[in-house]
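>>> Curious how this folds, go ahead:
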Amino acid sequence: MNEYIAAARNNPPLAAAALVFAGGLATIGGFFFFQYVLGYPPCPLCLDQRLAFYVSVPLAALMWLGAGHGASRKVMVLGFAAIALAMLWNTGLSAYHAGVEWKLWPGPADCSGPINGFGSAADMLQRLQNIRIVRCDQAAWRLFGISLAGYDVLVSLALAAIAAWGAKASLARQEPSS
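Here you go, the predicted model:
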């Protein structure tokens with residue numbers, strides 16, 4: 001454990017990239033768990049909120065690799081800035097979604113998930129009885145009064161802050177001499 005702390009102190013951009021990658025990957029795992037294991041299909045806003053993670057996690061992996069192999073300061077700053085902007089955008093989108101769930105403002109017109117994959121006509125009635133549609137304006141799950149969209153606000157804001165820290169640390173680092 002001490003070696004990881006020492007590595008983070010010696011190379012904060014590497015630590016920031018690793019934290020964004022791990023946090024983002026855990027979040028992707030979480031929303032797939034809710035969808036495929038617990039059976040909560042995502043609403044259109046939920047699907048939109050995933051996009052920032054689909055962009056940021058692979059970019060964070062590249063940043064992690066670049067931080068460990070001497071990528072230029074400019075590349076590191078731009079990469080972290082892109083992650084921070086994507087996560088800030090997602091923070092706003094998630095806050096909007098949480099507000100829709102709390103009925104603070106109306107949601108989008110397509111506020112329910114798609115109904116598809118019924119199979120044969122013979123078992124369509126059985127599938128219709130078992131399908132769960134999660135609407136954008138109804139929180140499918142809450143913990144301590146906070147919905148998944150609310151937790152996404154917190155996670156996205158934390159990842160944006162970590163990416164901003166990585167950008168700041170990248171700016172402060174000296175370019176390796178040739």
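
>>> Beyond the helix or strand where L25 lies, next helix or strand please.
Here L25 sits within helix 12-32, counting by DSSP states H and E. Proceeding N to C from helix 12-32, the next assigned helix or strand is helix 44-68, under DSSP H and E.

>>> Just the angle for the following helix or strand past that following helix relative to helix 44-68, thanks.
Once the chain leaves helix 44-68, the next helix or strand it forms, by DSSP H and E, is helix 73-101. Relative orientation of helix 73-101 versus helix 44-68 (axes from the mean of the first three to the mean of the last three CA atoms, to 10 degrees): 160 degrees.

>>> which helices and strands sit right next to helix 73-101?
helix 12-32, helix 44-68, helix 148-172 (3 or more CB pairs under 8 Å, 6 or more residues apart in numbering; DSSP states H and E). Heads up, the C-betas are built off the backbone N, CA and C, glycines and all.

>>> between those helices, which one is nearest to V77?
Evaluated over the helices and strands packed on helix 73-101, closeness to V77 peaks at helix 148-172, with 4.8 Å, by CB to CB.

>>> Tell me which residues of the closest one come out buried.
Taking 16 or more other CB atoms under 10 Å as the neighbour-count basis, helix 148-172 is seen to contain the buried residues 148-153, 155-157, 159-160, 162-167, 169-170.

>>> Just the angle for it relative to helix 44-68, thanks.
If you take the same axes, to 10 degrees, helix 148-172 sits at 20 degrees to helix 44-68.

>>> Tell me the helices and strands packed up against helix 148-172.
Using 3+ CB pairs under 8 Å, 6+ apart as the contact criterion, the elements in contact with helix 148-172 are helix 12-32, helix 44-68, helix 73-101.

>>> Just give me how far the first one sits from the chain centre.
So the one you mean is helix 12-32. 9 Å (CA atoms, centre = their mean, to the nearest Å).

>>> likewise the last one?
Using CA atoms, centre = their mean, we find the averaged C-alpha position of helix 73-101 to lie 9 Å away from the chain's own average C-alpha position.

>>> buried residues in it?
Neighbour counts using 16+ other CB under 10 Å place 73, 76-77, 79-80, 82-91, 93-101 of helix 73-101 among the buried residues.

>>> Could you list the residues in contact with stretch 60-73?
The set of residues that contact stretch 60-73 without belonging to it, under CB atoms under 8 Å, 6 or more residues apart in numbering, is 11, 13-14, 16-18, 20-21, 24, 75-76, 79-80, 83, 163, 166, 170-171, 173, 175-176.
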